[in-house]
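Colleague: What follows is a protein structure lacking sequence information:
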């Protein structure tokens, strides 16, 4: 039950590509933050230009439409930047109208480009203007975005350090939140042992070359168990058609591997149960500014093997007790396989690891992260 109080705040979260069930970390993190704000008694509104499906939506969260002409999703940065540049005034008026309609006192532009952080128009004087920089902004968007934001929120120290050279002094680290699902309890110890002995290795990613899935498939050695890979297209892509092309290459690579099976997108409510049913999850990303898939797997007690890149070491092994789950990037996919196999062959280490990652993930519940957010923008 959501209870509004006299101290409740109106927060507008702007992300033009946002849709429920989008297979991308920024959309899922935005939804989790909005849910946490609603649980805290606030009034979150997500503003999006993407078509929305029929359905009940997110509890306590209002979804508001934005009009953005000449853009069809998925699209690339160049198309979107051109559209925003020529519709800046119109988009600013729409944001101002939403501020008035929903009694908004904080606007969070959820990305410099895709979250409209680059808009040049002014907002009412009482409204806090914050930017969520999930990744380092493109130089074409960074100038107006960083100059106008009263607070810049980053998901990890990795992004904070990348942005520090650009000079913003209003940086705050606010981690991404989990989309908590009470029905997705971790497996029992007996079931977890069954998974260790013969359960599948699973990989979950959107179709982007930086996610490393194709590299993993092309170098994949023989496994003694099934390998299941879920891939899906996001509302954004590096260039027109690049996601479809990458999917075709992944399919060809998987066809040559008898133990590997590809599947399409998972609905958000399916993610945690699917990850819970894995013996181990591999995150083969070449870079990760946060690592939401890793965190989601950890939240149901599934160990995660990944490269020692970006924020993944801080997420998976902040105290060094999970170093057996991390491999050097230069060692390539074979090292991921070796680390996963070594873990699965050690029943004592495996059981201890499942408990450790589960406890670690508990720190990222949406209500707790929402409180960090409200403190950061106040």
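Modeller: Nice, thanks for sending it over. Treat the numbers as computed from the prediction; the structure is a model and nothing was measured.
Colleague: Show residues contacting the helix or strand containing residue 356.
Modeller: For residue 356, the host element (DSSP states H and E) is helix 347-361. If you take C-beta atoms under 8 Å, 6 or more residues apart in numbering as the criterion, helix 347-361 is touched by 178, 186, 189, 192-193, 196, 295, 297-304, 315-316, 318, 321-322, 324-325, 343-344. In this view, the C-beta of every residue, glycine as well, is placed from N, C-alpha and C.
Colleague: switch to 7 Å and redo it
Modeller: Identification of contacts with helix 347-361 by C-beta atoms under 7 Å, 6 or more residues apart in numbering yields 178, 186, 192, 196, 295, 298-299, 301, 303-304, 321-322, 343-344.
Colleague: now these: which count as buried?
Modeller: Applying 16 or more other C-beta atoms under 10 Å to those, the neighbour count classes 178, 186, 192, 196, 295, 298-299, 301, 303-304, 322, 343-344 as buried.
Colleague: which two of those lie the greatest distance from each other?
Modeller: 178 and 344 (25.0 Å; C-beta to C-beta).
Colleague: Tell me the gap between whichever helix or strand comes after the helix holding residue 356 and the middle of its chain.
Modeller: Toward the C-terminus, helix 347-361 is succeeded by helix 366-377 as the next helix or strand (DSSP H and E). Per C-alpha atoms, centre = their mean, to the nearest Å, the displacement of helix 366-377 from the mean C-alpha position of its chain is 17 Å.
Colleague: helices or strands up against helix 366-377?
Modeller: helix 25-39, strand 151-154 (3 or more C-beta pairs under 7 Å, 6 or more residues apart in numbering; DSSP states H and E).
Colleague: For these, give me JSON lines that also has mean pLDDT.
Modeller: Output for the helices and strands packed on helix 366-377, formatted as JSON lines (pLDDT from 0 to 100):
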{"stretch": "helix 25-39", "mean pLDDT": "95"}
{"stretch": "strand 151-154", "mean pLDDT": "95"}
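Colleague: out of the ones you listed, deepest packed?
Modeller: helix 25-39 (a mean of 25; mean count of other C-beta atoms under 10 Å).
Colleague: Show me what counts as buried in the helix or strand hosting residue 163.
Modeller: Element membership for residue 163, per DSSP H and E: helix 157-164. Using 16+ other C-beta under 10 Å as the test for burial, helix 157-164 gives 158-160, 162-163.
Colleague: Which stretches in this protein count as strands?
Modeller: 10-14, 43-48, 62-65, 106-109, 128-132, 151-154, 171-173, 201-206, 227-232, 260-263, 280-283, 304-307, 326-327 (DSSP state E).
Colleague: which residues of the stretch 251-378 of the chain score low on pLDDT?
Modeller: Scanning the stretch 251-378 of the chain for pLDDT under 70 picks out no residues.
Colleague: would a markdown table of the strands of the chain with distance to residue 246 be doable?
Modeller: Below are the strands of the chain laid out as a markdown table (distance: least, C-beta to C-beta, whole Å):
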| stretch | distance to residue 246 |
| --- | --- |
| strand 10-14 | 28 |
| strand 43-48 | 25 |
| strand 62-65 | 30 |
| strand 106-109 | 28 |
| strand 128-132 | 26 |
| strand 151-154 | 27 |
| strand 171-173 | 31 |
| strand 201-206 | 10 |
| strand 227-232 | 8 |
| strand 260-263 | 12 |
| strand 280-283 | 17 |
| strand 304-307 | 19 |
| strand 326-327 | 23 |
